[in-house]
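# coords please:
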Amino acid sequence: MIKIWFLMALMSYPNTPAIAYKGFGGYLEKEECENSRVLAENQISAFELRRGNTVYIETFCMEMEAFNSSLRKNKEKIIGNDA
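Have a look, this model is predicted:
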């Protein structure tokens with residue numbers, strides 16, 4: 001079974017009843033996703049601070065199934081970058 005790991009960020013704003021969701025593109029391996037979590041949190045935090053928002057960010061890596069065509073395109077990009 002083919003899997004891709006997505007990075008999901010949940011953000012909560014003061015005086016706002018909802019939690020905002022921001023999903024990031026897929027990673028082929030869980031380790032790739034876990035390694036990207038801190039970078040994503042820092043980028044989101046910096047963006048929100050520039051906008052004057054106070055935000056609490058928590059990120060998670062979630063396993064998702066992928067279509068064969070999407071996985072094939074991603075692998076071709078990776079192989080093309082290594083050449």
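# Can you find the helix or strand in this protein with the smallest mean pLDDT?
Least confident helix or strand of the chain, by mean pLDDT, DSSP states H and E, is helix 68-82 with a mean of 66.
# Can you show me the strands along the protein?
Under the criterion DSSP state E, the chain contains strands at 3-12, 19-27, 56-65.
# Quick check: can you name the pairing partners of the last one and their directions?
On the basis of DSSP bridges, the sheet neighbours of strand 56-65 come out as strand 3-12 (antiparallel).
# Longest helix in the protein, please.
Longest helix of the chain, by residue count under DSSP state H: helix 30-50.
# Who does residue 20 form a beta bridge with?
Under DSSP bridges, the beta-bridge partners of residue 20 are residue 11.
# isn't residue 56 right up against residue 11?
Yes. Applying C-beta atoms under 8 Å as the test, residue 56 and residue 11 come out as touching, 6.8 Å apart. To be clear about C-beta, it is placed using only N, CA and C from the backbone, and glycine gets the same treatment.
# who has more neighbours, the two?
Higher neighbour count among residue 56 and residue 11: residue 11, with 20 against 12, using other C-beta atoms under 10 Å.
# so what's that one up against?
Contact analysis of residue 11 by C-beta atoms under 8 Å, 6 or more residues apart in numbering lists 19-22, 44, 48, 55-57.
# Among these, the buried ones, what's the ChimeraX command?
To isolate the buried ones among the contacts of residue 11 in ChimeraX, judged by 16 or more other C-beta atoms under 10 Å, type:
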select :44,48,55,57
